[in-house]
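pasting the sequence and the predicted model now:
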Amino acid sequence: MSTNLVTRKELLDQILQTYWKRWHMEYLHNLQVRQKWNKPSSPIKVGTVVVLRTDNTPPLHWPLGVVQEVFPGKDGIVRVASVKTPNGLYKRPIVRLCPLPNQ
């Protein structure tokens, strides 16, 4: 009977990993849609609520934050933003930020 419990736990772990992988690959990418370079896109603005993508943590533990300041480059395109989270203030590239859909 104990082998049955072990295989059940392995199956549940596999289902959970598959769910988070699909959430990351399908849903999260929809939040971070990029436009073609020949069309102007709406940049992240101050006050936007974002999810900070982190490599070494599971998606459930990615922090939420609010953009406090944006840093445009010489060409006027915003590439870096300062984000306030409950743990502090972070400076992150725009490609690592996912604005929430209600923004």
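Sure, I can see it.

what's the first helix or strand after the least confident helix or strand in the chain by mean pLDDT?
Among the helical and strand segments of the chain, the one scoring lowest on mean pLDDT, DSSP states H and E is helix 28-31, with a mean of 71. If you walk from helix 28-31 toward the C-terminus, the next helix or strand you reach (DSSP states H and E) is strand 49-52.

got the CA positions of that following strand in CSV?
Provided in CSV are the C-alpha atoms of strand 49-52 (Å, rounded to 0.1, in the frame of the first residue of the first chain):
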residue,chain,number,x,y,z
VAL,A,49,1.0,47.1,-10.6
VAL,A,50,3.4,44.5,-11.9
VAL,A,51,4.5,40.9,-11.2
LEU,A,52,8.3,40.7,-10.9
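
report the buried residues of that strand.
Neighbour-count burial for strand 49-52 flags V50, V51, L52 (criterion: 16 or more other Cβ atoms under 10 Å). (Glycine included, C-beta is placed from N, CA and C.)

which other residues reach it?
If you take Cβ atoms under 8 Å, 6 or more residues apart in numbering as the criterion, strand 49-52 is touched by 28, 31, 44, 62-67, 81, 83, 85, 90, 92, 96-100, 102-103.

how about stretch 93-103?
Taking Cβ under 8 Å, 6+ apart as the rule, stretch 93-103 contacts 28, 31-32, 43-44, 48-53, 67, 78-81, 83.
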